[in-house]
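Undergrad: need coordinates for the below:
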Amino acid sequence: MRKKLVATVIIVAVAAGGGWYWTTTRASVAAAQNQPQYIFATVQRGDIRSTISGTGPVASVNGVMVKTNQSGTIRQVLAKDGDRVKAGQVIMVLENATLESQLRQAQVDLSNNQASLENLLNPQATAVRAQMLKIESAKLTLKQRQQDVQRLTLSAPRSGIITAVKASAGSDIAANTVLFNIFDDANASFTVAVSQSFAGKLNSGHPVQITLPGFGRVEGKIQQGAAAATPVSGNRDANVPVSVALPPISGLRPGMVGQAVIQVDGLDFPIQASGSVDADLVEVRSQVAGSVAQVAAAEGDRVAAGDLLLKLTSDTLQIQLQQAENDLQTQEQALKNLLDPAKDPSGQLTQIMNKIEQSQITLATRQADLADLQVKAPVDGQISALTLRVGDKVSANTNAFRVADYGQMQTTISVDELDVALTKVGQRAEITLDAIAGKTYAGKVTKINPEGIFRNDIATFEVTVQIDQPTGLMAGMNSTVNIVTQEKLGVLWLPAQTVTVRQGRAFVQVLEGDQVKQKQVEVGVRTSTQVEITGGLNEKDQVIQTIIRPTAQTGFSLFGGNRNQQQTQTTVPVDPAQRQQQMQNVRQKQQAPAQAPAGK
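TA: Numbers count the residues shown, from 1 in each chain. Got it, this is the predicted structure:
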């Protein structure tokens, strides 16, 4: 009986001790778990930038769809898709028998009316004809003076890069003075010297790999072989020039030296030769003398055909223009005096003069209509979308072909009304394309359409970005554009969610001991993800990014078991090493109270 009693007491004691240990441990764990946990963000030094994004198709900067001005049948097609052409070059010729007949009829009408005038005047005919000749002469002089004044303004004759400017504001310029040099980099070529024995194996269109410092490797095509060139001094191994057409390369300059590699079937080794970019320069000369009033282009600028380069002023030309206008008025008045209505009571003379004037107008119109049968390229560029063929009948305003300079490419994106205020001409942009993975093109904003498109209660504005060095791009490719509106390099920053602003002042939360405190900081650039810290914190300082506040309902029993415990928290990215250290600290706090009874 005594043994049973002792055993019972021992069992009860052990059970009581175990219950005390379990209860104490659970209480300690619960207390630790009821403490808030913190995820910290560290003040870092790095770059901050804010961008505006959009998508849009790639297109040429100055592409033009050329239309027919007259109806007719196509008689000649002088180019094909892919050909490079110059502004003013005839691409297509139409024929229209009706227009040709109308021109001949206008010539006959004018001749008949002039004969009627001579018959009517008879004795006066000689004087009237002489006076009419004076009027024609005065008109020609006036036209010449007007052209001289127009020549005071110089425009770029073709697209390209300005490589030299030889005029400055205020300087006096003589006629026929070279003022600008323009390098047509869209139609550049590269000349290499190849042994005559190898040159005979190279045909037009043969690919050539050319390495240019600063531009990498580009592929050109032989445009002029040297098989028929005469060797110097009869030497078969003499070098002869071979011209290679280059693709459009932005920033190319004449005289740049490079290395060409040509693979030829039948040769065990490639042909390697050095060469240079040909200096295909256009000299822009003054056509009249004058004083420079404005220089509108600088060395290194890219210009399109027709862009303003320079303006001159000339008092002499302005005076000559006024004199020509006065002379024409004098000669016309002299003719009126000869044809005084008082000397022509029937009005026949006036009627014939009116007919002659109308006949001259009609003739000029018919001549212009006939000239419109020639369809010309309005700008330098490359032909595309030319589907018409000889014999096709077309009406006026029919799409004939497209001409575009694919050496200059751009893309246009839509920007909403909130972001367009942050967008400025000249801001740099980064462009990527689905079709060219892994490559980012640089560009800049060149145009912001001032008129928005209102749709679904939101106004959007078209923003145009020109692409630098668009090698490999094709019109129509879809692009993604990121316009950099703000950028700072090497500054202190924090994640945007760690900084709050109240009444114009910025604050962060910091942990001092066991207390969370608000700390005022100074901020600079702010984006959707980053905030620049300009004062109040140092690099590597830590602020609270997220506070995890647990909520739990815990039930206890003698030997353990508890109802499920849940926590509510905000999930944010966190450094794994930082998170591991935080969890280790929590486990140490949980284990420390539980070890106390074991020592007793």
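Undergrad: run through the stretch 1-150 of the chain and note the low-pLDDT ranges.
TA: Across the stretch 1-150 of the chain, the ranges flagged by pLDDT under 70 are 1-34, 121-125.
Undergrad: how about the helices in it?
TA: Taking DSSP state H, counting those that start in this stretch as the test, the helices found in the stretch 1-150 of the chain are 2-33, 97-121, 125-150.
Undergrad: and for the chain?
TA: 2-33, 97-121, 125-150, 196-199, 315-338, 348-371, 417-420, 576-594 (DSSP state H).
Undergrad: return the distance of the second one from the chain's centre.
TA: Centroid separation between helix 97-121 and its chain, computed with C-alpha atoms, centre = their mean, to the nearest Å, is 53 Å.
Undergrad: now for it, which elements pack on it?
TA: helix 125-150, helix 348-371 (3 or more C-beta pairs under 8 Å, 6 or more residues apart in numbering; DSSP states H and E). (C-beta placed from N, C-alpha, C; glycine too.)
Undergrad: now these in JSON lines, with distance to residue 208 and mean neighbour count?
TA: Below are those laid out as JSON lines (distance: least, C-beta to C-beta, whole Å; neighbours: other C-beta atoms under 10 Å):
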{"stretch": "helix 125-150", "distance to residue 208": "44", "mean neighbour count": "15"}
{"stretch": "helix 348-371", "distance to residue 208": "41", "mean neighbour count": "15"}
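Undergrad: make TSV from those helices and add distance to residue 503 to it.
TA: Formatted as TSV, those follow (distance: least, C-beta to C-beta, whole Å):
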stretch	distance to residue 503
helix 125-150	64
helix 348-371	72
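Undergrad: of all those helices, which one comes closest to residue 462?
TA: helix 125-150 (33.9 Å; C-beta to C-beta).
Undergrad: how far does the closest one sit from its chain's centre?
TA: With C-alpha atoms, centre = their mean, you get 48 Å for helix 125-150.
Undergrad: kindly report the same for stretch 76-88.
TA: 25 Å.
Undergrad: do stretch 170-186 as well
TA: With C-alpha atoms, centre = their mean, you get 27 Å for stretch 170-186.
Undergrad: show the average pLDDT along it.
TA: When pLDDT is averaged along stretch 170-186, the result is 89.
Undergrad: list the buried ones in it?
TA: For stretch 170-186, a neighbour-count test (16 or more other C-beta atoms under 10 Å) marks 173, 179, 180, 181, 182, 183, 184, 185, 186 as buried.
Undergrad: can you pull out the low-pLDDT segments for this protein?
TA: Looking at the chain by pLDDT under 70, you get 1-34, 121-125, 224-237, 279, 341-347, 551-600.
Undergrad: now do residue 318 against residue 288, distance only.
TA: Applying C-beta to C-beta, to the nearest Å, the value for residue 318 to residue 288 is 12 Å.
Undergrad: out of the two, which sits in the more crowded spot?
TA: Using other C-beta atoms under 10 Å as the criterion, residue 318 and residue 288 rank with residue 288 on top: 19 against 14.
Undergrad: of all the helices and strands packed on helix 97-121, which one comes closest to residue 425?
TA: helix 125-150 (30.1 Å).
Undergrad: residue 533 against residue 523, yeah?
TA: Yes: at 6.3 Å, residue 533 counts as touching residue 523 under the criterion of C-beta atoms under 8 Å.
Undergrad: quick one: which of the two has more around it?
TA: Neighbours per residue, other C-beta under 10 Å: of residue 533 and residue 523, the larger number sits with residue 533, 26 against 18.
Undergrad: how about the nearest residue to that one, chain neighbours excluded?
TA: Ranked by C-beta to C-beta, 6 or more residues apart in numbering and with sequence neighbours excluded, the top spatial neighbour of residue 533 is residue 492, at 4.3 Å.
Undergrad: contact partners for that neighbour?
TA: 43, 44, 45, 532, 533, 534, 537, 538, 539 (C-beta atoms under 8 Å, 6 or more residues apart in numbering).
Undergrad: of these - the most surrounded one?
TA: With neighbours set by other C-beta under 10 Å, the maximum within the contacts of residue 492 is found at residue 533, which has 26 neighbours.
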